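Asker: got a predicted structure plus its sequence, pasted below:
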Amino acid sequence: MAAEIYDEIRPTYPAALFDDLFDLLPIRPNILEVGPGTGQATRDLLRREAVVHAIEIGPAMAAKLSANLPSDDLRVTIGDFERVRVADRSMDAVFSATAYHWVTPAAQLDRPATILKPRGVMAIVDLNQVDSPDDDGFFASVQPIYDRYGQGHSGPPAPQRGSVNPEICQSLRQDRRFVDVEVRSYDWNQTYTSASYRKLMLSYSGTQMMAPGARQGLLDDIEAFIQERYGGQITRPLVVTLTTATLL
């Protein structure tokens, strides 16, 4: 069920992002994709004639990905990116969309440095929620409900548009194995009905791990809040970033 919800509700990514990425790659590149989920980005890689080896740790996600995108150019491996054997110097790109934070810091750069061909490209996509009036105050006003169920926001506040700074960028700039580090940004707001925002919340691992009664209460209260206070529809203000670097 989690894979089905994830597949239905998780957002895709801007076409311009893939245009920019493929400008850096050879024709029919060999791409290792880390954490593809059910294929939100994989579809666009295949559309641009990449040959993709996708490593997905979740068996249900991997099965859904294979069912969604039957292709001779897609190989799906169930396993941990940090442990799955991949031939040295075999890939034109290591790509990951909204999944690379699950990789341990030590492996985030060491594994691509081994897997990539010389001048191969590391490409990391992050989906960043930003502080913007586009949400009409929803995310500030809904926080007491999250807090009531122990799910309140922790950590630094959401950045403003134009000031998103992916962590992977800093790591790449400090690593002498990589050059030409760049961050490209794309506005990518997503609009949800009260029911679809409920599904989005249910696609998150943190929500799935809650006790059933608390999870039900949180989802019910937020769905009702959107319906009553926001006319049944809210906007999630997002900026997608594409961080790229070239292996020496």
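Answerer: Thanks, I have it.
Asker: list the contacts of the host helix or strand of residue 186.
Answerer: Assigned by DSSP states H and E, residue 186 belongs to strand 178-187. Strand 178-187 is contacted from outside by 14, 16-17, 20, 109, 113, 122, 161-162, 164-166, 169, 172-173, 238-248, using CB atoms under 8 Å, 6 or more residues apart in numbering. C-beta coordinates here come from the backbone N, C-alpha and C atoms, glycine included.
Asker: please redo it, this time with the cut-off set to 6 Å
Answerer: Strand 178-187 is contacted from outside by 14, 16-17, 20, 169, 172-173, 239-248, using CB atoms under 6 Å, 6 or more residues apart in numbering.
Asker: neighbouring strands of the lengthiest strand in the chain in the sheet, and parallel or not?
Answerer: If you go by DSSP state E, the chain has its longest strand at strand 116-129. Note on strand 116-129: by DSSP bridges, its sheet partners are strand 91-97 (parallel), strand 238-247 (antiparallel).
Asker: need the CA coordinates for the longest helix seen in the chain. CSV is fine.
Answerer: Scanning the chain for the longest helix, with DSSP state H as the assignment, gives helix 212-229. Extracted C-alpha coordinates of helix 212-229, given in CSV (Å, rounded to 0.1, in the frame of the first residue of the first chain):
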residue,chain,number,x,y,z
PRO,A,212,-2.0,4.0,14.3
GLY,A,213,-4.3,6.1,16.6
ALA,A,214,-2.0,9.1,16.6
ARG,A,215,-1.5,8.9,12.8
GLN,A,216,-5.2,8.7,12.2
GLY,A,217,-5.8,11.7,14.5
LEU,A,218,-3.1,13.8,12.8
LEU,A,219,-4.4,13.0,9.3
ASP,A,220,-8.0,13.7,10.2
ASP,A,221,-7.2,17.0,11.9
ILE,A,222,-5.1,18.4,9.1
GLU,A,223,-7.5,17.3,6.4
ALA,A,224,-10.3,19.0,8.3
PHE,A,225,-8.2,22.1,8.9
ILE,A,226,-7.5,22.5,5.1
GLN,A,227,-11.1,22.0,4.4
GLU,A,228,-12.4,24.5,6.9
ARG,A,229,-9.7,27.2,6.8
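Asker: which strands and helices sit next to it?
Answerer: On a contact count with 3 or more CB pairs under 6 Å, 6 or more residues apart in numbering; DSSP states H and E, helix 212-229 meets helix 194-202.
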